[in-house]
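Novice: Sharing a model that was predicted from the sequence below.
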Amino acid sequence: MGLFGLLLVLHILASIAIIGPAFVMPIIRRFARTVGQLHFALGITTKLAVMPKIGGAVLILTGVWLMIITKMGLSQMWLNVSILLSLLMVVMIDGWIEPRMKKIIKIISESQDQGNEIPAEFGLLIKKITPVETAAQLLMIAILVLMVVKPF
């Protein structure tokens, strides 16, 4: 396997490191029925949050390197659209979802000693985050489709 193949494998693994937690954690969180289960799910989310950050850095480095090796630059429309959608996704996750999840984690940590029932405030905050998480997941799918299909 040459340099191109190695970079492509690293690029794909980095995208999995980003997409995996973003898809799985909201699903796991939705199945929590008690404060303990929710605390556990949010703890996993917090621990897995490092994967997308490392994956994002590797994704950018390998993507730029692949563009240099193939002499593609920014000449392909699918690539430009993918980059723009990726930036939008990062803004949504880091700028909107993550700060609100920190607030939710704080509420759950504080209510862990108050019984097993999930606080009503949690449900209200999750209802605000869910559409943005869904939009971020749809962006991930769109980016993945653009990267694989390269339609234009």
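Specialist: That came in fine, so what should we check first?

Novice: Which residue lies nearest the spatial centre of this protein?
Specialist: Within the chain, the residue whose C-alpha comes closest to the C-alpha centroid is A22; the distance, by Cα atoms, centre = their mean, is 3.6 Å.

Novice: S86: helix or strand, and which one exactly?
Specialist: Here S86, judged by DSSP states H and E, is contained in helix 77-90.

Novice: What is the distance between that helix and the centre of its chain?
Specialist: With Cα atoms, centre = their mean, to the nearest Å as the basis, the distance from the averaged C-alpha position of helix 77-90 to the chain average is 14 Å.

Novice: With just CA atoms, put that helix into PDB.
Specialist: C-alpha atoms of helix 77-90 as PDB (Å, rounded to 0.1, in the frame of the first residue of the first chain):
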ATOM      1  CA  MET A  77     -17.500  21.100  -6.500                       C
ATOM      2  CA  TRP A  78     -18.400  18.000  -4.400                       C
ATOM      3  CA  LEU A  79     -15.300  18.700  -2.300                       C
ATOM      4  CA  ASN A  80     -16.100  22.300  -1.800                       C
ATOM      5  CA  VAL A  81     -19.700  21.500  -0.800                       C
ATOM      6  CA  SER A  82     -18.400  18.800   1.600                       C
ATOM      7  CA  ILE A  83     -16.000  21.200   3.200                       C
ATOM      8  CA  LEU A  84     -18.700  23.800   3.700                       C
ATOM      9  CA  LEU A  85     -21.200  21.200   5.100                       C
ATOM     10  CA  SER A  86     -18.400  20.000   7.500                       C
ATOM     11  CA  LEU A  87     -17.800  23.500   8.700                       C
ATOM     12  CA  LEU A  88     -21.500  24.000   9.300                       C
ATOM     13  CA  MET A  89     -21.600  20.700  11.200                       C
ATOM     14  CA  VAL A  90     -18.700  21.600  13.400                       C
END
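
Novice: Show me what that helix is packed against.
Specialist: The elements that helix 77-90 packs onto, with contact taken as 3 or more Cβ pairs under 8 Å, 6 or more residues apart in numbering; DSSP states H and E, are helix 120-149. Any C-beta I mention is one placed from the backbone N, CA and C, and that applies to glycine too.
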